Structures are given as C-alpha cells and as structure tokens.
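[1] With the sequence up front, the predicted model follows.
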Amino acid sequence: MAFKTPVFPAVDPEEFVQRPFFERVKVLSAFWAQNGFGSPRVLHLLYILKLVGLSTIGGLLVVTTTSDIGGLLDVRQWWDEPIVYQKLVLWVALLEVVGVGGAWGPLTGHFKPMYGGARYWLRPGTIRLPPWPRVVPFTRGDQRGVVDALLYAAILVSLAVAIVLPGAGTDALLAGRPDVTGGLVRPVLFAVPAVLLALLGLRDKVPFLAARGEQYVPVMVVCATLDFTDMIIAAKLIIVTVWVGAAVSKFTRHFSFVVPPMVSNAPFTPRAMRLRHYKNPPEDLRPSGLAHFMAHVMGTLAEFVVPLVLLFSTNQELTLVAVVCMVLFHLFITSTFPLAVPLEWNILFAYIGIFLFAGHPAGEGYGLLDFSEPWMLPVIASALLFFPVLGNLRPDLVSFLPSMRQYAGNWASAVWALAPGAEERLNELPIPVQTHNRQLQALGYSAPMAEMAMQMFIAWRSMHSQGKGLLSVARAYLGDDLDTYTVREGEVGANLVVGWNFGDGHLHDDQLIEAIQRRLHFAPGEFVVFWVESQPIHRPLQEYFVMDAALGIVERGRWDVRDLVDQQPWLPSGPIPLEVTWRHPEHHPAYPTASGEEALA
C-alpha cells in the first residue's frame, strides 16, 4: 500500500467499468483478498490519530480535568475510579451520536465530508425513520421537523453537561469504595439523556442506534437507578450480555465468511497471512481451515467462554488472564479496521473489561449473588436478554444491534441497482452532501476510478454469505441488464441518505425506499432494491424481497443458507437456488428459477 495514494487493481479503469458485472466482481474480490479496500496508509493514520487523539486522550483529558481523580498521567490513581468508567461511556456515546465515532470516514462511504450524523440530524427537512409509526402516536411521517432537531440538540447538550460536571459522593460508594475521590456522576445526569434518546428513538431510530443506545442506555439506566455495588454488578451483566450474545449469534455458517475479508483489510497484516484465510486465492475465495479456526475458536468460542469466566471467577489469577484475553480480542478487531470502523467502541470495551473485572473482582463483593436485593438478578438479566433472544428468533422485529449480533455476518442486507443516470438524482434528496462519486471526484479521482472504488463495497459484500444470495436474486431479476446498472451496497446508500449506518439493513429496507420514492418519483426499472432479512437462529432459511421503487415490492422468496457456502463471490455456476413465494402478477423476471416457478405453479 502507498502512503498517500490508494491502491487499485492493475486494470485500465475506463475499460474495467465497461466489463460485465460479474467479471468486475471477480477482479475486485480477488483484489480485496490481497489488499482490502486498498486505502492509502495515511487514511489508517488518520483513523489512528482520531482514535488516540480525539477519542482516547481527548476523552481522558475531559474526564480527568472535570473530576477530582488526579491528572491524565496519574493512571494508577484513576484507572479504577467509577466516575472514569461512567464519563467514558458518556463520552463515547457523545462521539457516536455526533457521528465522529463508528461509521465515520471513507471506510463507511463518507469521503468528503467524512461524517454524516449531526450534519443530518440538526437539519429539519432531512429523512427520518420512525420504528413504529403506525403504533406510536405523533411519530408518523418521514421528514425531520424542528422538534426533532431540537430534541437531538438537547441530547448533545445533556451528554456534554453530564461529562463536564464534577461527581458527587454517596453513602453506598463510601461504604464500598472508601478510597474513591471522584465520586459518581449524579443519577439525574444519566436519566436525562436516556429519556431524551428514547423519545428521539421513537421519532427516528437512526440517531438512537447511532448513539449505540442498545449498549449505553442500559448503562445509563443502572447508573441512574442503582446504588454503587448493584450498579457495578449490573454493568458486568451488561457487558457479558454483549459478549456472549455476539458469540451465540455466530453459531451459523455466516461467520466464517466475515473473518477473511476483515483480515484482508487489516493494514498491518502481511499479505501472505491475509491470503492464508482463503482456500486457494484468487480462484477459490471460500474460507480456509485457518479462517474457520479464527472464526469459531479464536472468535466464537473465546467470546463465549472467557466472558463467562469473568462473570463467575473468584480466582484473581484466572480473572486477570481472562481480562487480558478480552483486551487482546478487542485490540485485534481494532487492528483490522472493519468497514463500520467501531474503533472507539472496541477500545472502550477493553477498558471496561479491565475496570469491572480487574478493578472490582467477584470475590470482593461484586459477584452475581452480591446484589442488595435478590430480585435484581433475575429482573436485570431478563431485561438484558429480551432483545437478543427475540432478535435471534425473529430478526425481522429487532435491529441486529439490540440483538447483539455484531460481526456475526448474519445481517439484514441489500444491494441497490440504479439504471444509467439514476444515481445522479439522489443529489435532489434533502441531504447535506453529494453522491459518493461526486465526493470522490472532488478528492481528485477520475470518474472511472471513483466508480471502481464504489464497486469495491459490492466486492466486499459478495465475499460474505448473504452477498452471494443477493447477487443471485439480482441476476435472476435483471438478467444481462445487470451489466448496465449502477450497483451499490445498501449500507453505503443508507449512509448517504440518512447520515449513518452500521450494517443494519433495517435502515434501508422498504421504509427508506418509499421515502426516497416520495421525493424523487423514479420510473419503473430505474431503482431496484434486492433486500434480505437475517437468518433466524433456529432455521437455515433467509427471506428476501425485490422492490422496484416505482412499483413497490414485486417479489418475495427465500434461499437455503447451506446453498451459499460453496459459492464464489462472482457466482461462476450461476445464481443459487431461489424459492419464490410470491410474485407481482405483472412481474416477469429475466431468468425465473425452476424452484420459483414450481412454487408458483
């Protein structure tokens, strides 16, 4: 990789963009296996500077200067101060909801400018996505109003105020930790942003998820309602639920396909090691034995077992070993620069693991049976498990974030296909940025190079299991016309339209497409979306739909996940078997599948 310039495949960009679609996928997926996104190293340096300078050192400076815990360099004095844990959670939540935490920068499709977030959510007139508009009063519609912008601004202010105000002592804190000097953040300062986030989330689920509400709102609630010792034990339950929930969600065939492209994007991993994660690159890009080992032993098994050790261990040495394991786990993920770039989240979780389990061991009064009231354990545990259990059984009802399915590869996903020239019309939307191609050209890319860079996201998606299914549906629906369409990754499209996405296909499902169509009035065939729901944990099937923005949903069907695992990203044997369960009576796909025709017969 060059330091200042990106790396591209060794082809002529103008000739490349004229090739058939799946030829392009083959070239770009093979390129990704060796080079990842091909980002210049200066980009990774920029991410590191943001993480270390703004997020970490900046956060610690704010925390240490606003709390009576010593200076920034007095690490021994403040590392296990409860107020540091509390304020760092608030700090990262603030960075996330502003838009400068995860889902920031070129690796998420934010090129120029490098973030969405506040640019969109402080601006009346932009698109909002209410989660239950037919159920919750006063939430219908898809246009952000002045009240929405003010509510969002109030969240920013409430988080900032909670961070900068000094802590206060409590009797419970004095009894449990008489050595503490910084006190605790006042409960009301947690309650206010939690309530505001919930209210805003009912009007627009995007900023709520961007704030990582499923992770930080539970922390805010326990800090606002529980005494010190109960708060620490509940905080342990929260982080273990995140870890174990993520591990359970990886008990599928999808996760092995996540690791190779993630490792390929790690800038400091030698190229030979990247390629060892594939069976026989560039001709066979299925996960190798090493990839399966990294996924399900170093990943799934470790993320399941080690947190349970932390939760139940009363042995100091064993606890410290487990803490080190989880710190290394999060540092490894950080080093790969995954496309959603949740770098702040991973570093925060590494610190939280140290604070909660090394600083407050179970054997010293912070175990599960040390709650002050016996009802707390079952009630808190049940509340934390509700959405992960529901989300794995009914993924259509719950975002993959509250379902705790981070990195699982089992995500609702989409591919957008726009007829020639149709993508330019997205600039007519009420968004504060230009389309991605224009952003890249403003950075000096030629039009063909910008198009190649955008198609890199499709190559990345094609290397995952559900990408093979989505491209199969696109091929079956559009046939040879697919070669003429502008094909975009739905996650990147959502980043453009609503300002944020972290891999959740529920943010760019039919609700968003309908909102776009109400504003742009595409003609039939101009904007076609291929969308798939996550796989339920107890069934090997995934449900998909095809949506023409002008016509609505024109086809529904499903595929068997077991048919994905032996496919190459470029589908050399053609589309996987698809079972069509419903089709618009006037819709005729280019290449109807046998199983689909039989289902409709």
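    Structure received. Numbering: from 1, shown residues only.
[2] Counting neighbours, what do you get for residue 405?
    Using other Cβ atoms under 10 Å, residue 405 has 30 neighbouring residues. Placement of C-beta: from N, CA and C, glycine included.
[3] That one contacts residue 535, correct?
    No - applying Cβ atoms under 8 Å, one finds residue 405 not in contact with residue 535, separated by 10.2 Å.
[4] The residue nearest to the spatial centre of the chain in helix, strand or coil?
    Centroid-nearest residue in the chain, with Cα atoms, centre = their mean: residue 502, separated by 3.0 Å. What DSSP: H, G, I helix; E, B strand; the rest coil gives for residue 502 is coil.
[5] ok, now which ones touch it?
    By Cβ atoms under 8 Å, 6 or more residues apart in numbering, the contact set of residue 502 is 102, 103, 209, 210, 340, 342, 401.
[6] Filter those residues down to the ones in helices?
    Among these, the members found in helices (DSSP state H) are 209, 210.
[7] Let me have the contacts of residue 502 in CSV, adding neighbour count as columns.
    Listed next are these as CSV, based on neighbours: other Cβ atoms under 10 Å:
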residue, neighbour count
102, 23
103, 28
209, 26
210, 29
340, 19
342, 24
401, 21
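[8] from the contacts of residue 502, which single one is nearest residue 567?
    Distances from residue 567 to the contacts of residue 502, taken as Cβ to Cβ, are shortest for residue 340 (24.2 Å).
[9] ok, now which ones touch the closest one?
    Counted by Cβ under 8 Å, 6+ apart, residue 340 has contacts 102, 103, 108, 502, 503.
[10] Around residue 283, count how many other residues there are.
    11.
[11] quick one, phi psi at it?
    Backbone torsions of residue 283, given as degrees, to the nearest 10, read phi -80, psi -30.
[12] Can you show me the helices along the stretch 451-600 of the chain?
    According to DSSP state H, counting those that start in this stretch, the stretch 451-600 of the chain carries its helices in the segments 465-478, 490-498, 510-520, 594-600.
[13] Can you name every helix or strand that the first one contacts?
    Counting contacts by 3 or more Cβ pairs under 8 Å, 6 or more residues apart in numbering; DSSP states H and E, helix 465-478 packs against helix 21-35, strand 413-418, helix 447-462, strand 527-532, strand 541-548, strand 552-560.
[14] Distance to residue 9, mean pLDDT and mean neighbour count for these - can I get that in TSV?
    Formatted as TSV, the helices and strands packed on helix 465-478 follow (distance: least, Cβ to Cβ, whole Å; pLDDT from 0 to 100; neighbours: other Cβ atoms under 10 Å):
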stretch	distance to residue 9	mean pLDDT	mean neighbour count
helix 21-35	5	97	21
strand 413-418	21	97	25
helix 447-462	7	96	22
strand 527-532	25	98	26
strand 541-548	30	97	22
strand 552-560	30	97	19
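[15] export these to JSON lines and tack on distance to residue 200?
    Output for the helices and strands packed on helix 465-478, formatted as JSON lines (distance: least, Cβ to Cβ, whole Å):
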{"stretch": "helix 21-35", "distance to residue 200": "37"}
{"stretch": "strand 413-418", "distance to residue 200": "25"}
{"stretch": "helix 447-462", "distance to residue 200": "29"}
{"stretch": "strand 527-532", "distance to residue 200": "26"}
{"stretch": "strand 541-548", "distance to residue 200": "28"}
{"stretch": "strand 552-560", "distance to residue 200": "29"}
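[16] Mind jotting down where the helices sit in the stretch 101-250 of the chain?
    Counting by DSSP H, counting those that start in this stretch, the stretch 101-250 of the chain has helices at residues 118-121, 146-164, 171-176, 187-203, 205-210, 213-225, 228-249.
[17] so who does residue 530 touch?
    Going by Cβ under 8 Å, 6+ apart, residue 530 touches 414, 415, 417, 470, 473, 474, 477, 544, 546.
[18] before we move on, back to that, the residue nearest to the centre of the chain and residue 137: what is the separation?
    Distance of residue 502 to residue 137, computed by Cβ to Cβ, to the nearest Å: 28 Å.
[19] do residue 324 as well
    Distance from residue 324 to residue 137, by Cβ to Cβ: 50 Å.
[20] And the two? Which one has more around it.
    Using other Cβ under 10 Å, the more surrounded residue of residue 324 and residue 137 is residue 324, with 14 against 7.
[21] Report the mean confidence score over the strand or helix carrying the more buried one.
    Residue 324 belongs to helix 316-335 when assigned by DSSP states H and E. Helix 316-335 shows a mean pLDDT of 96.
[22] What helices and strands are in contact with that helix?
    Helix 316-335 packs on helix 302-312, helix 343-353, going by 3+ Cβ pairs under 8 Å, 6+ apart.
[23] what's near enough to touch residue 526?
    Taking Cβ under 8 Å, 6+ apart, we find residue 526 in contact with 418, 419, 422, 549, 550.
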